[in-house]
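J.: test case, fold it:
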Amino acid sequence: MKNLIQKAVDLGAKYGSFDAGKLISHPTTISRALKAIADDKRQEISPTICNYIKCNMCAATTDLWTENFHKRHYITVTAHYIDDDYKLNSRVLATEKFGDDSETGANISKAIKQIFVQYDVEQDDVKKLKFTTDGGANVVKAISLLGSKRISCADHILC
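T.: I've put the predicted structure just below:
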């Protein structure tokens with residue numbers, strides 16, 4: 001914090017008085033720019049993700065958690081595949097606020113489906129995925145409702 005304040009003082013000394021508001025973008029501008037970047041990246045990797053899923057060469061992980069300060073609930077879905085150069089790729093497809101719905105299997109399943117829709121993955125192809133998850137009954141139910149196979153996370157089994 002001290003360094004930030006020092007930089008501001010130095011800039012003021014060097015250039016004189018100026019409106020700091022002109023240096024800082026409005027939060028809406030930043031939010032829109034980030035959404036555009038995310039949309040571009042999603043469009044870029046979507047064909048690859050779809051291809052590996054269609055060929056039964058993709059797995060996924062998912063988890064839910066609650067952020068402690070505001071008690072907001074989040075879900076993350078990550079796709080994992082080995083490319084033609086035998087390199088393991090892990091792509092976080094989404095980390096999203098879970099919303100106001102309760103964390104039931106049906107609601108989790110719906111959220112996962114919506115994430116894959118963003119990548120143009122057909123619902124029948126989601127069934128081809130193998131999900132590695134914790135053993136929470138709601139997550140187990142969600143994967144079952146997707147029609148996908150679930151594999152227990154080794155770390156959660158050992159703990």
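
J.: quick one: contacts of stretch 41-50?
T.: For stretch 41-50, the surrounding residues in contact (Cβ atoms under 8 Å, 6 or more residues apart in numbering) are Cys58, Ala79, Tyr81, Arg91, Leu93, Gln118, Tyr119, Asp120, Val121, Asp125. Backbone N, C-alpha and C define where each C-beta goes, glycine included.

J.: what about the third one, which SS state?
T.: Tyr81 falls in the strand class when you classify it by DSSP: H, G, I helix; E, B strand; the rest coil.

J.: can you tell me who it pairs with across the strands?
T.: Note on Tyr81: beta-bridge partners by DSSP bridges are Cys58, Asn89.

J.: what comes up buried for the biggest helix by length in the chain?
T.: The single longest helix within the chain, with elements called by DSSP state H, is helix 27-54. Neighbour-count burial for helix 27-54 flags Arg42, Thr48, Ile49, Cys50, Tyr52, Ile53 (criterion: 16 or more other Cβ atoms under 10 Å).

J.: redo those residues as TSV? Include pLDDT.
T.: Putting the buried residues of helix 27-54 into TSV (pLDDT from 0 to 100) gives the following:
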residue	pLDDT
Arg42	94
Thr48	96
Ile49	97
Cys50	96
Tyr52	96
Ile53	96
